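Asker: Sharing a model that was predicted from the sequence below.
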Amino acid sequence: MSGEAQAKRIDLANPTVRAIVLFSAMFVLILAVGFVQGAANSGLLLTQALAYALIALGLNIQWGYGGLFNFAVMGFMMVGGASVVFVSFPVNALFWDSEGPVMLGRALLAFLAGVLLVWGARHSHRLGVRGGWKTALLVLAWFIAYVVYRSQIDPAAAYIESTAGFVGGLGLNPILGWLFGGLVAAVIAYIVGRISLGLRTDYLAIATIGISEIIRALLKNMDWLTRGTMTASPMPWPVNLPQDYQAQGIPISESFVYARFGFFALLLAIFIVVFFFVQRAYGGPWGRMMRAIRDNHIAAGSMGKNVTGRQLELFVFGSVLIGMGGAILVTFNQIFDPAGYQPINHTFMIWVMVIVGGAGNNWGVLLGAVLIYIVWIISDPLAQAIFLNLSSWSQSLGWGAIPEIDSRALQMRVFVLGIIITVALRYAPRGLLPEVVKREV
């Protein structure tokens, strides 16, 4: 090969060149999808993909930065969704005009009394209660606290469901709901992290799976708070809805384009700010410390680093973004449906985004999130088109039609995702854009 040919050859081993080529290819894919599906569907697709990118960025903080196996992604997304319902859903006058608030206040006091009782039992050794007596006292305290709390919350829940349906929201701006969703996710992550981050990595994965299922079960059955399987909708937007544009005389098709891209612009601004600070933090001393703990926590601990404390930071920070992303998706889709959350859609797919994009590289995670979500969405209609053509061809040959095309096409999503994972792990085991660590010579 001549020197001129070598100069013209694209060096994909160069991280910058590789990123430019891959993002350019993804941009072409977005344009192609937009050309086929139209501007309105493109706005829908891009907004949802960017929300998933924010969630994947949170998981990357936990896994890519700290090596933490968090399989409670779905649970934290649900927490964010329930939080934005509580903050931004319209006020339910039937609830506030009833005895519901008073009954919930009693339940809250009973809960706080139970917490104090358990706390006192845990510190009873200061009064000389030790050994088996302390254990028995702690078990008794938990039992009393549970009974007292249930004696107040059960009648309150039954009363609210029978008179008002559910608590409703506060009618505030949805952006406040997004922030509150991140805050609630952070509190839950702190509690879970304090308990489970001392476990080995495989045990941590099992523990977080259990936490996710517990959260899903609670939110599905707390009809008085989340409406459960009856769903809470429609959720308000922080920007103009299509109906608002239609009221101004804008045609229906154009109104969806304006509304969805307006939401996308707001989300893009938030994502850029979050991405900037996350990228800057990981490139500084804090990021170097986190990489040292991830790569060899024993050596980092021997140098005086608080390994568990730093891992708890990562777990909480990542959960904040996951909770915010879950809240944003609920706002954009205008519905909170606890029964609609599935591990394959809201945990497994997020992991695929991080692994395929490149764990530890925020740009890679952004690429992987948008790419995987686009493939996930378009694989269904594309498979339907292929099956319909094959069905017509088989009918022309007298072989009969392909049955249940809709369900078969929907199942192709998982098949396509499996192919992507297999190919990525074979040819790019560290991801499409692997982590690049700059080292000073």
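Answerer: Yep, that arrived. Numbering: from 1, shown residues only.
Asker: where does the stretch 1-150 of the chain have low pLDDT?
Answerer: 1-9 (pLDDT under 70).
Asker: now do 80
Answerer: The model of the stretch 1-150 of the chain has pLDDT under 80 over residues 1-13.
Asker: hey, where'd the helices end up in it?
Answerer: Per DSSP state H, counting those that start in this stretch, the stretch 1-150 of the chain carries helices over the ranges 3-8, 15-37, 39-60, 66, 73-88, 93-96, 100-122, 132-163.
Asker: Comparing those, which comes out most buried?
Answerer: Each of those was scored by mean neighbour count; the highest is helix 73-88, a mean of 28, by mean count of other Cβ atoms under 10 Å. For the C-beta atoms, the positions are set from N, CA and C on the backbone; glycine is no exception.
Asker: of all the helices of the stretch 1-150 of the chain, which lies closest to residue 194?
Answerer: helix 100-122 (13.6 Å; Cβ to Cβ).
Asker: Off-centre distance for that closest one?
Answerer: 30 Å (Cα atoms, centre = their mean, to the nearest Å).
Asker: what does stretch 129-141 give?
Answerer: Centroid separation between stretch 129-141 and its chain, computed with Cα atoms, centre = their mean, is 39 Å.
Asker: Can you tell me what sits against it?
Answerer: Residues outside stretch 129-141 that contact it (Cβ atoms under 8 Å, 6 or more residues apart in numbering): 117-118, 120-122, 124-125.
Asker: let's go with 7 Å and repeat that
Answerer: Stretch 129-141 has contacts (Cβ atoms under 7 Å, 6 or more residues apart in numbering) with 117-118, 121-122, 124-125.
Asker: Now the two most distant members of the residues you listed.
Answerer: 117 and 125 (15.8 Å).
Asker: my guess is residue 42 contacts residue 32, does it?
Answerer: No: applying Cβ atoms under 7 Å, one finds residue 42 not in contact with residue 32, separated by 10.4 Å.
Asker: So which of the contacts of stretch 129-141 is the closest to residue 212?
Answerer: Nearest to residue 212 among the contacts of stretch 129-141: residue 118, at 24.3 Å, using Cβ to Cβ.
Asker: pLDDT on stretch 430-441, on average?
Answerer: For stretch 430-441, mean pLDDT is 76.
Asker: now swap in stretch 381-392 and tell me
Answerer: 85.
Asker: quick one: buried residues of it?
Answerer: Within stretch 381-392, the residues scored as buried using 16 or more other Cβ atoms under 10 Å are 383-384, 387, 391.
Asker: of these, closest to residue 237?
Answerer: Proximity of the buried residues of stretch 381-392 to residue 237 was ranked by Cβ to Cβ; the top entry is residue 384 with 30.2 Å.
Asker: by contact count, what packs against the helix or strand containing that closest one?
Answerer: Following DSSP states H and E, the helix or strand that holds residue 384 is helix 362-396. Helices and strands touching helix 362-396, as assessed by 3 or more Cβ pairs under 7 Å, 6 or more residues apart in numbering; DSSP states H and E, comprise helix 15-37, helix 39-60, helix 252-282, helix 349-357, helix 405-427.
Asker: so that helix versus helix 405-427, what angle?
Answerer: Interaxial angle, helix 362-396 versus helix 405-427 (axes from the mean of the first three to the mean of the last three Cα atoms, to 10 degrees): 140 degrees.
Asker: and helix 362-396 with helix 252-282, angle?
Answerer: Using the same axes, to 10 degrees: helix 362-396 against helix 252-282 is 140 degrees.
Asker: picking that back up, with distance to residue 313 as extra columns, can I get the helices and strands packed on helix 362-396 in JSON lines?
Answerer: Below are those laid out as JSON lines (distance: least, Cβ to Cβ, whole Å):
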{"stretch": "helix 15-37", "distance to residue 313": "27"}
{"stretch": "helix 39-60", "distance to residue 313": "13"}
{"stretch": "helix 252-282", "distance to residue 313": "11"}
{"stretch": "helix 349-357", "distance to residue 313": "19"}
{"stretch": "helix 405-427", "distance to residue 313": "29"}
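Asker: With respect to residue 352, which of the helices of the stretch 1-150 of the chain lies nearest?
Answerer: Among the helices of the stretch 1-150 of the chain, helix 39-60 sits nearest to residue 352 (Cβ to Cβ), with 9.3 Å.
Asker: Please name the nearest non-neighbouring residue to residue 113.
Answerer: residue 148 (6.5 Å; Cβ to Cβ, 6 or more residues apart in numbering).
Asker: surely the one you found meets residue 116?
Answerer: No: using Cβ under 7 Å, residue 148 is not in contact with residue 116; the gap is 11.2 Å.
Asker: OK, contacts around the residue lying closest to residue 314 once chain neighbours are set aside?
Answerer: Using Cβ to Cβ, 6+ apart and skipping the chain neighbours, the partner closest in space to residue 314 is residue 66 (4.0 Å). Each residue near residue 66 by Cβ under 7 Å, 6+ apart is listed here: 290, 293-294, 311, 314.
Asker: Just want the angle from the helix holding residue 384 to helix 349-357.
Answerer: Counting by the same axes, to 10 degrees, helix 362-396 points 110 degrees away from the direction of helix 349-357.
Asker: how far off helix 39-60 does helix 362-396 point, in degrees?
Answerer: Using the same axes, to 10 degrees: helix 362-396 against helix 39-60 is 130 degrees.
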